[in-house]
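Novice: Sharing a model that was predicted from the sequence below.
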Amino acid sequence: QVQLVESGGGLVQAGGSLRLSCVASGRSFSTNAMGWFRQAPGKEREFVAAISWKGYSTDYADSVKGRFTISRDNAKKTVYLQMNSLKPDDTAVYYCAVASTNYRMTRHEVDDWGQGAQVTVSS
């Protein structure tokens, strides 16, 4: 099992930026794909971004392509989500995830979840 702790959420105006961090502990971090999902009130949890264990491959939801960037630092056991040009529709709780996939993942393939970080974008 991997323990994941997110940080960096908050309140930002539309057009602003935030960076989420997720620190992992437990079983090997560097050999697993990592990802970010989000869940808005009344909606299902949806995929946002994922990255392969070496960081060479990434995948993004269409809704965030060109605005969000996922990266990882295996030495620090940390995965990041840089969010730029934020929109009110990006408001959600953001969850860090680890999966035993190549890098693409669905929520059903996630092995462990973080506790979530609230991101609120005001108009």
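Specialist: Noted; the coordinates are in hand. Numbers count the residues shown, from 1 in each chain.
Novice: chain center to stretch 8-27, what's the gap?
Specialist: 8 Å (CA atoms, centre = their mean, to the nearest Å).
Novice: Secondary structure element for the spatially most central residue of the chain, which one?
Specialist: Nearest residue to the geometric centre of the chain (CA atoms, centre = their mean): residue 36, 2.3 Å. Secondary structure assignment for residue 36, by DSSP states H and E: strand 33-39.
Novice: Could you look up the next helix or strand downstream of that strand?
Specialist: strand 46-51.
Novice: partner strands of that following strand, parallel or antiparallel?
Specialist: When pairing is defined by DSSP bridges, strand 46-51 lines up against strand 33-39 (antiparallel), strand 58-60 (antiparallel).
Novice: and the next element down the chain from the last one?
Specialist: On the C-terminal side of strand 58-60, the closest following helix or strand by DSSP H and E is strand 68-73.
Novice: next structured bit after that following strand?
Specialist: Next along from strand 68-73, by DSSP H and E: strand 78-83.
Novice: which residues touch that following strand?
Specialist: Contacts to strand 78-83, defined as CB atoms under 8 Å, 6 or more residues apart in numbering, come from residues 17-24, 34, 36, 48-49, 51, 64, 67-73, 90, 94, 96, 119. Heads up, the C-betas are built off the backbone N, CA and C, glycines and all.
Novice: what's across from residue 70 in the sheet?
Specialist: Residue 70 has these beta-bridge partners by DSSP bridges: residue 81.
Novice: so the strand holding residue 36 versus strand 78-83, what angle?
Specialist: Strand 33-39 runs at 40 degrees relative to strand 78-83, counting by axes from the mean of the first three to the mean of the last three CA atoms, to 10 degrees.
Novice: returning to what we had before: tell me the most buried of the strands paired with strand 46-51?
Specialist: strand 33-39 (a mean of 25; mean count of other CB atoms under 10 Å).
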